[in-house]
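[1] Give me a 3D structure for the following:
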Amino acid sequence: MKHEEFENLSFEDALQKLEAIVRDLEGGRIKLDDAVEAYEKAVALKKICEEKLKSAQLKIEKIEVSPEGEITLQPLDKVEE
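    Next up is the predicted model:
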């Protein structure tokens with residue numbers, strides 16, 4: 001379930017809201033009905049964070065310089081570890 005209220009959040013804001021929900025759920029400070037709703041929001045926020053991380057990862061490239069001095073960009077998944 002994706003909540004429209006979260007669609008335009010930055011990664012940092014979404015993560016902060018997710019952490020706050022987790023603290024509330026772990027602390028047992030909310031009623032059962034509110035906990036279920038909070039859990040649904042947490043799932044939506046987690047998905048948003050994952051999507052933003054994946055998008056950022058796709059933008060990251062490794063800069064390589066050939067022996068001839070030619071500069072090329074390689075996708076992150078081709079980086080040797």
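[2] Next one, pLDDT for Lys78 please.
    With respect to pLDDT, Lys78 has a value of 54.
[3] same question, Glu50
    So, for Glu50, pLDDT stands at 94.
[4] same question, Phe11
    At Phe11, pLDDT is 93.
[5] which residues touch the spatially closest residue to it that is not a sequence neighbour?
    In space, and not counting its chain neighbours, Phe11 is closest to Lys52: 4.3 Å by Cβ to Cβ, 6 or more residues apart in numbering. Every C-beta, even on glycine, is put in place using the N, C-alpha and C of the backbone. Contact partners of Lys52, counting by Cβ atoms under 8 Å, 6 or more residues apart in numbering, are 10-11, 14.
[6] Show me what counts as buried in the helix or strand where Ser55 lies.
    Remark: Ser55 resides in helix 32-59, with elements defined by DSSP states H and E. Within helix 32-59, the residues that count as buried by 16 or more other Cβ atoms under 10 Å are 38, 41-42, 44-45, 48-49, 52.
[7] Next secondary structure after the least confident helix or strand in the chain by mean pLDDT?
    Least confident helix or strand, the chain: strand 61-65 with a mean of 76, by mean pLDDT, DSSP states H and E. On the C-terminal side of strand 61-65, the closest following helix or strand by DSSP H and E is strand 71-75.
[8] name the helices or strands packed onto that next one?
    Under the contact criterion of 3 or more Cβ pairs under 8 Å, 6 or more residues apart in numbering; DSSP states H and E, strand 71-75 touches strand 61-65.
[9] so what's the backbone phi/psi at the residue of the chain most remote from its centre?
    Within the chain, the residue lying farthest from the chain centre (Cα atoms, centre = their mean) is Glu68, at 38.7 Å. Dihedral pair for Glu68: phi -80, psi 0, per degrees, to the nearest 10.
[10] Any stretches of the chain with poor pLDDT?
    1-3, 76-81 (pLDDT under 70).
[11] ok, so what distance separates the residue nearest the centre of it from Phe11?
    The residue lying closest to the centre of the chain (Cα atoms, centre = their mean) is Cys49, at 2.1 Å. Distance from Cys49 to Phe11, counting by Cβ to Cβ, to the nearest Å: 6 Å.
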